[in-house]
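Engineer: Can you look at this prediction? I've put the sequence above it.
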Amino acid sequence: MRVLVIGGGGREHALLWKLMQSPRVTKVYCTPGNGGMGAHAVTPPISSTDVESLVRFARENQIDLTVVGPEASLMAGVVDAFEREGLAVFGPRKSAARVEGSKRFAKELMEKYGVPTGRYRAFTDPEAAIRYIREQGAPIVVKADGLAAGKGVIVARTLDEAEKAVEDLMRSRTFGKAGEEIVVEEYLEGEEISLMAFVDGETVRPMVPAQDHKPVFDGDRGPNTGGMGAYSPVPQISEERIRQIVQEILEPMARGMEQEGLRYRGVLYAGLMMTDAGPKVIEFNARFGDPETQVVLPRLDSDLAEILSAVTEGRLQEISIRWKPESSLCVVMASEGYPGDVVKGKKIRGVPAATGETMVFHAGTSREEGALITAGGRVLGVTALGADLQSAREAAYRSVESIEFEGAHYRKDIGARGVKARQT
């Protein structure tokens, strides 16, 4: 089987790494790829949203399965174009990917099909949004309606912060067109987790849960990022709660999209808050999470290529999915200035070779005259497996300490909450 992975981040590197373990897979391509993928895959420099070129490449290279990584590719209509050409592709069509591409659209679906989430209002007028915020009070959450690389969410602790968020998103257009419309949401309190599932129509097969760390600094301080690290499992959340999430959130959402005529084949990702009133949805994503994928896939004990093929062929119900009991933890190393403007081109030294227990997934890296250099905000995802969270955490941070590049920063508390929960 010849497989094409679309994208160039840590998520796509993890997908590539896991797919290469399948005896079904004979050759892997990744476009545009990054500085860490070239040793394992052919990485043609095609943009992940250049639909026409991607289709042509898949056809000319006789690709048997294409796996779409980024949300921008889904919203560009990559899946729709591949399907029109009769090419096997993993991911939802553009119409279904709107569950991530539009916060308002997702909220309306949740409201219609009884999926628990926070109260909200959508706005295209900044003055109306500010009036509503003043009526509701703080803390409150302000979100760009469209795609913003995981950074268009502002958890405002004060009214001033909330009003500034409206100004930044709608008037200054910090995230461009994504802020033409915003969603203002109730602030939810509790333990936050991510639960992804393979979905084929109404068939839902959950993965193992993970907990992401969005804010840039230790102690959940600073602005939100695309994710500074993650771990799995999440000891604070019981198996009973996970079953509740599947039954009350993931399965109703999948059924609802089917009823709306939105055939969903791919990964449905639920970002959740475990409130006193039960689990509530913060957001839905239409693809593998990043960095959640970097801790979930190392725990997968089944053939990923087989699972993805089953989803694209509409036979997910036939597949058995197994998971390893070990724990997994990922620490993201970022460039100076992230999640704001960053300086690229810094040499990276000391990246350890992959072992059975430790992997380094490249994200914002490239190669220049043979040297590995920084090429983005989130640079590397250092991941380790261990018998428990504490051992996985220790192994990941040992690898982090061996890696150097100018301006590197990372959170020192990834997984601390889970380790503490395991010990109590």
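Structural biologist: Perfect, thanks for sending it.
Engineer: At which residues are the helices of the stretch 151-300 of the chain located?
Structural biologist: Along the stretch 151-300 of the chain, the segments classed as helices by DSSP state H, counting those that start in this stretch run 159-166, 239-245, 251-259, 292-296.
Engineer: Pick the most deeply packed of those helices.
Structural biologist: helix 292-296 (a mean of 30; mean count of other CB atoms under 10 Å). Quick note: C-beta positions are derived from backbone N, CA and C, even for glycine.
Engineer: what sits up against it?
Structural biologist: Applying CB atoms under 8 Å, 6 or more residues apart in numbering, the contact partners of helix 292-296 are 10-11, 14-15, 194, 196, 207-208, 210, 212, 227, 230-232, 269, 289, 328-330, 359, 361, 381, 383.
Engineer: Return the subset of the residues you listed lying in strands.
Structural biologist: Among the contacts of helix 292-296, the members falling in strands (DSSP state E) are 194, 196, 212, 230-232, 269, 328-330, 359, 361, 381, 383.
Engineer: I'd like the helices of the stretch 151-300 of the chain as CSV, with distance to V99 and mean pLDDT appended.
Structural biologist: CSV is the format used below for those (distance: least, CB to CB, whole Å; pLDDT from 0 to 100):
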stretch, distance to V99, mean pLDDT
helix 159-166, 23, 95
helix 239-245, 16, 96
helix 251-259, 7, 96
helix 292-296, 17, 98
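Engineer: can you redo those helices as CSV with distance to K94?
Structural biologist: What follows is those, written out as CSV (distance: least, CB to CB, whole Å):
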stretch, distance to K94
helix 159-166, 28
helix 239-245, 26
helix 251-259, 13
helix 292-296, 21
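Engineer: coming back round to it: among the ones in strands among the contacts of helix 292-296, which one sits closest to L74?
Structural biologist: Y269 (12.0 Å; CB to CB).
Engineer: Bridged to that closest one, which residues?
Structural biologist: With DSSP bridges as the criterion, Y269 is bridged to M196, N285.
Engineer: Neighbours of it, how many?
Structural biologist: 25 (other CB atoms under 10 Å).
Engineer: now G356
Structural biologist: Neighbour count for G356, taken as other CB under 10 Å: 7.
Engineer: For the ones in strands among the contacts of helix 292-296, pick the one with the most neighbours.
Structural biologist: With neighbours taken as other CB under 10 Å, the top of the ones in strands among the contacts of helix 292-296 is C330, carrying 35 neighbours.
Engineer: got a list of what that one touches?
Structural biologist: 229-231, 291, 294-295, 361, 381-383, 396, 414.
Engineer: now do I348
Structural biologist: Neighbours of I348 in contact, by CB under 8 Å, 6+ apart: 365, 372-374, 379-380, 403-405.
Engineer: Can you turn the buried part of the residues you listed into a ChimeraX selection?
Structural biologist: To isolate the buried ones among the contacts of I348 in ChimeraX, judged by 16 or more other CB atoms under 10 Å, type:
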select :365,372,373,374,379,380,403,405
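Engineer: Now A310: closest residue in space that isn't a chain neighbour?
Structural biologist: Of all residues not flanking A310 in the chain, I319 sits nearest, at 4.6 Å (CB to CB, 6 or more residues apart in numbering).
Engineer: I figured the one you found hits T312, correct?
Structural biologist: No: using CB atoms under 8 Å, I319 is not in contact with T312; the gap is 11.9 Å.
Engineer: So for these two, which residue has more residues nearby?
Structural biologist: T312 (22 against 17).
Engineer: How about the contacts made by the more buried one?
Structural biologist: If you count contacts by CB under 8 Å, 6+ apart, T312 has them with 65, 88-90, 265.
Engineer: first to last residue in stretch 206-226, what's the distance?
Structural biologist: One end of stretch 206-226 to the other measures 22 Å (CA to CA, to the nearest Å).
Engineer: Report the separation between E260 and N285.
Structural biologist: Distance from E260 to N285, counting by CB to CB, to the nearest Å: 18 Å.
Engineer: Same drill for the two, tell me which one is more crowded.
Structural biologist: Taking other CB under 10 Å, E260 and N285 do not tie; N285 has more neighbours (23 against 14).
Engineer: ok so, going back, which residues sit in contact with the residue nearest to A310?
Structural biologist: Counted by CB under 8 Å, 6+ apart, I319 has contacts 205, 302, 306-307, 310.
Engineer: Tell me the pLDDT of it.
Structural biologist: I319 is assigned a predicted lDDT (pLDDT) of 92.
Engineer: quick one: K107 and Y120 touch, right?
Structural biologist: Yes: counting by CB under 8 Å, Y120 is a contact partner of K107 at 5.2 Å.
Engineer: more neighbours, those two?
Structural biologist: Between K107 and Y120, K107 has the larger neighbour count (other CB under 10 Å), namely 24 against 18.
Engineer: That one sits in which helix or strand?
Structural biologist: Take DSSP states H and E as the rule and K107 turns out to sit in helix 103-112.
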